[in-house]
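[1] Fold the following and give me the result.
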Amino acid sequence: MIIIRNIFLTIIAASLLMPSLSFAMTDELVEIYEERGDLQGAFDPDTYQGIEGSGAGFLIDLEDWARQYGWQAYDELSDYAPEVAPATYLGLSNAPLIATPNYIVIDDQTGAILAAQSAGQSWPIASITKLMTAKTALDYGLDGGGIGSVEDEDDVGGAKLWVYGGTTFTVIDLLKATLVASANNAANAIARLTGFEKEDFVSKMNLVAQSLNLRSTVFVDPTGIEVDNVSTAREVAYFASEVFANENLRKIAGTSGIHIEALNDDNYTRDISSTNWLLYDSAYDDVYVTAGKTGYLPEAGWNLVVRMHPMGDSEDKSVLIVLLGSDGRRESCDDAATLARWAWDNFNWERSSLNLATE
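    Modelled structure (predicted):
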């Protein structure tokens, strides 16, 4: 288990624009990279991605290192510092032992990693894939105010809207069905409504992942039903943060239940609860969830990404938690709540502005 404190470690531990592959670094960061052999051994000189099995650990790329640690050691890396001070570890207790094998806990406001275990382990992410489906569709021109149908070809089994082919919905309702109900045919419909063939749309999903420099994230279908949709806890946290930066997607992903109606079938109206129990189960009344997504495959176990803060408290204490491979849905929710409560109790969440800009 790795506990990340907000001091520099000397060892390496909402845009809707068309994504592009660009790994521009500040000149100062490149100069530091060229001076330090340990960084050169940890991050690829062409892409600056972390090298698997190296000292980069679960860090995504050189800029991830700069945002986590580098800015605290080098004044010239102040551009990578958060706007406010990260939560600081009080040293009261280590991160709790939980059953889920792979997890990460992040200070949502600053991106600082507070705790992690096997956060670089590649894992089937199942329906967490749908977060990238929604983001990619919007990035590539999906009309959020439009109308679309669910067709027979969209049905790949698993969770779905039980409708006849040709049933039409607003695109917003299809996005709700994708992210709240985790309906596979709704996710495929969203992908199809972009005008791309499924294979082309999946290629676009992978382009978005590449634009974020995610070396371990690969998509093979828009729903997550295929076991070869893989990522890591660290990389899921990174792209989930990008998705939740979109206010509309964040609101949908933080909804406990939806009401949807077919536009061409007066008999089809449904109220569907979220697959994320943290949103409404009384066992979690002390947490306030602002966004999240679940995923399950027999080969993956139960996966969860969730953004939350203490009920009745400030969003300044918001944490983003990813868990991959829990044995059950209840276990994933319990472990997420346990990690969140530990973080709130063991870090100082008083925020102060960081004015590190250099002349």
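
[2] domains of this structure?
    Under the assignment automatic domain parsing, the domains of the chain span 1-11+24-81, 124-347.

[3] Could you identify which of the ones you listed is most buried?
    domain 124-347 (a mean of 20; mean count of other Cβ atoms under 10 Å). (Glycine included, C-beta is placed from N, CA and C.)

[4] so which of the domains of the chain comes closest to S93?
    domain 124-347 (5.9 Å; Cβ to Cβ).

[5] so what's Y103 closest to, chain neighbours aside?
    L323 (4.7 Å; Cβ to Cβ, 6 or more residues apart in numbering).

[6] and the one you found, helix, strand or coil?
    strand (DSSP: H, G, I helix; E, B strand; the rest coil).

[7] That one contacts V105, doesn't it?
    No: at 9.6 Å, L323 does not count as touching V105 under the criterion of Cβ atoms under 8 Å.

[8] Spit out the residues that contact the two alike.
    Both L323 and V105 lack any common contact, where contact means Cβ atoms under 8 Å, 6 or more residues apart in numbering.

[9] Tell me the helices and strands packed up against whatever helix or strand R307 lives in.
    In this structure, R307 sits in strand 301-310 according to DSSP states H and E. Here strand 301-310 touches helix 233-244, strand 287-297, strand 319-326, helix 329-346, going by 3 or more Cβ pairs under 8 Å, 6 or more residues apart in numbering; DSSP states H and E.

[10] now the angle from it to strand 319-326?
    On the basis of axes from the mean of the first three to the mean of the last three Cα atoms, to 10 degrees, strand 301-310 is oriented at 160 degrees to strand 319-326.

[11] circling back: mind checking which of the domains of the chain is nearest P96?
    Of all those, domain 124-347 sits nearest to P96, with 5.2 Å by Cβ to Cβ.

[12] Regarding G165, what is its secondary structure?
    When the rule is three-state DSSP, G165 gets the label coil.

[13] Contact partners for it?
    Listed by Cβ under 8 Å, 6+ apart, the contact set of G165 reads S149, V150, E151, D152, E153.

[14] any idea how far S352 is from the third one?
    I take that to be E151. 54 Å (Cβ to Cβ, to the nearest Å).

[15] in the sheet, who's paired with the residue nearest to Y103?
    Y103, L304 (DSSP bridges).

[16] rewinding a little: pick out the shakiest of the domains of the chain, pLDDT-wise.
    Ranked by mean pLDDT, those bottom out at domain 1-11+24-81, with a mean of 86.

[17] In space, what's closest to the residue nearest the centre of the chain - neighbours in sequence excluded?
    Nearest residue to the geometric centre of the chain (Cα atoms, centre = their mean): A240, 2.1 Å. Spatial nearest neighbour of A240, chain neighbours left out: V305 (4.7 Å); criterion: Cβ to Cβ, 6+ apart.
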